[in-house]
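Trainee: Here is my input; please provide its structure:
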Amino acid sequence: VLAAANLLLGSVDIPAGAVWGALTGGTVENEAWSFIVWESRVPLCVTAWCCGAALAASGLMLQTVFNNPLADPSILGISSGASLGVALVMLAGGGMVSAGTFSFSGFLAVVAGAFAGAVLVMGVILFLSTLIRSSVMLLIAGIMMATCSSAVSLLNFFATAEGVHSYMVWGMGNFGGVSLEQLPWFAAFTSLGLLMSILLIKH
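Mentor: Below you'll find the predicted structure:
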């Protein structure tokens, strides 16, 4: 119902018949309506679907691994690690990531920074899990990892106004950041992650 509402409702009123025609490749009275549906509303809808599924699966996996119903990416500091990675890219790296002869900028740099930060914190948590046998103590250790936000605050203090603004916009979240060209890659990687999580949970 919400997905249908996302396709039908918005700042521009588009009749249901026109939305259906745009989705099925039929004739649409106004070409602008077809552009809005395919370039804005469809990517927004699919991105929200994928993000919701990925967040639910990651929460289930963390609760299974740590045997604690309270475990999730934010409590264990994984989300804070991703935020720190993005802050390093946007505030300290000028929106660019360099690794030897390879360099990423813009969207790819932000994705790489968020992924690296999340993986780093997750690696620390998994390492601590080999030393700490108590799930409660491990959860407390994960909560302490959320102190990454202090480093983000420090980076914000020394960053430019434009960098702080860009980071704050990213931090507020926006499902509209994935374009129609990027959508197949985004959906494919998300689906692959979901498939891997299902196989891991089964075993």
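
Trainee: For residue 184, give me the pLDDT.
Mentor: As predicted, residue 184 sits at a pLDDT of 91.

Trainee: meant to ask about residue 194
Mentor: Turning to residue 194, the model gives it a pLDDT of 91.

Trainee: Please report the number of neighbouring residues for it.
Mentor: Neighbourhood size, residue 194 [other Cβ atoms under 10 Å]: 16. Where C-beta positions appear, they are placed from N, C-alpha and C, glycine not excepted.

Trainee: I'd guessed it sits against residue 58; true?
Mentor: No: counting by Cβ atoms under 8 Å, residue 194 does not reach residue 58; the two are 9.7 Å apart.

Trainee: Three-state assignment for residue 144, please.
Mentor: helix (DSSP: H, G, I helix; E, B strand; the rest coil).

Trainee: how about the residue nearest to it when sequence neighbours are not counted, what does it touch?
Mentor: Closest residue to residue 144 in three dimensions, ignoring its sequence neighbours and counting by Cβ to Cβ, 6 or more residues apart in numbering: residue 77, at 7.4 Å. Contacts of residue 77 were listed using Cβ atoms under 8 Å, 6 or more residues apart in numbering, and they are 121, 125, 142, 143, 144, 145, 146, 147, 148.

Trainee: Between which two of the residues you listed is the distance greatest?
Mentor: Across the contacts of residue 77, no pair lies farther apart than 125 and 147, at 13.5 Å, counting by Cβ to Cβ.

Trainee: what kind of secondary structure is the residue of the chain most remote from its centre in?
Mentor: If you look at how far each residue of the chain sits from its centre, by Cα atoms, centre = their mean, the farthest one is residue 29, at 35.7 Å. Under three-state DSSP, residue 29 falls in the coil class.

Trainee: Give the phi and psi angles for it, as a check.
Mentor: The phi and psi torsions at residue 29 (degrees, to the nearest 10) take the values phi -60, psi -40.

Trainee: Kindly report the same for residue 155.
Mentor: As for residue 155, its main-chain torsions (degrees, to the nearest 10) stand at phi -60, psi -40.

Trainee: and the gap between it and residue 164?
Mentor: 9 Å (Cβ to Cβ, to the nearest Å).
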